[in-house]
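With the input below, show me the fold.
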Amino acid sequence: MMVSQILERIGKDAYKLELPPELSNVHPTFHVSNLRKCLADQDLQVPLDDIRIDDTMHFVEKPVEIMDREVKQLKRSRIPIVKARWELKRGPEFTWEREDQ
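The predicted structure is shown next:
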């Protein structure tokens, strides 16, 4: 999350925002469905230095630790899965992921 100034209204459903230089490769026009009112809670803001993205503009997150392991039995195959703990800004999150990913 970041706080940006609105530069211009584009039509009735979009706004052009002032983005920081680190986001120069991101188009500055956003549909209103992608915007949220700023509540000015500093605890909810994520510094841009903490955000990692790959070449396809997807977030890169790594699990903190593996909590559990299981093998899921499908019709003819067995898939090893792990329960991963992720440390996110809003607190820890646990998900089941394929072990090979």
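
what residue ranges in the chain score low on pLDDT?
Within the chain, the ranges that satisfy pLDDT under 70 run 1-3, 39-47, 50, 89-91.

ok, which stretches of it are strands?
Along the chain, counting by DSSP state E, strands occupy 5-10, 14-18, 29-31, 65-73, 78-88, 91-98.

Of all those strands, which one is nearest Arg52?
Of all the strands of the chain, strand 78-88 sits nearest to Arg52, with 12.7 Å by CB to CB. In short, each C-beta sits where N, CA and C put it, glycine included.

Note down every partner strand of that closest one and its orientation.
strand 65-73 (antiparallel), strand 91-98 (antiparallel) (DSSP bridges).

The spatially closest residue to Thr29 that is not a sequence neighbour: what's it in contact with?
Nearest residue to Thr29 in three dimensions, chain neighbours excluded: Lys16, at 4.9 Å (CB to CB, 6 or more residues apart in numbering). Under the criterion of CB atoms under 8 Å, 6 or more residues apart in numbering, the neighbours of Lys16 are 6-10, 28-29.

Output the strands paired with strand 78-88 in CSV, with distance to Val82 and mean neighbour count appended to each entry.
What follows is the strands paired with strand 78-88, written out as CSV (distance: least, CB to CB, whole Å; neighbours: other CB atoms under 10 Å):
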stretch, distance to Val82, mean neighbour count
strand 65-73, 5, 11
strand 91-98, 6, 11
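
what residues are up against Leu17?
4-7, 28-30.

Please indicate which of these are buried?
4, 30 (16 or more other CB atoms under 10 Å).

Is it possible to get a markdown table of the contacts of Leu17 that adds distance to Val71?
Below are the contacts of Leu17 laid out as a markdown table (distance: CB to CB, whole Å):
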| residue | distance to Val71 |
| --- | --- |
| Ser4 | 46 |
| Gln5 | 52 |
| Ile6 | 51 |
| Leu7 | 53 |
| Pro28 | 47 |
| Thr29 | 47 |
| Phe30 | 43 |
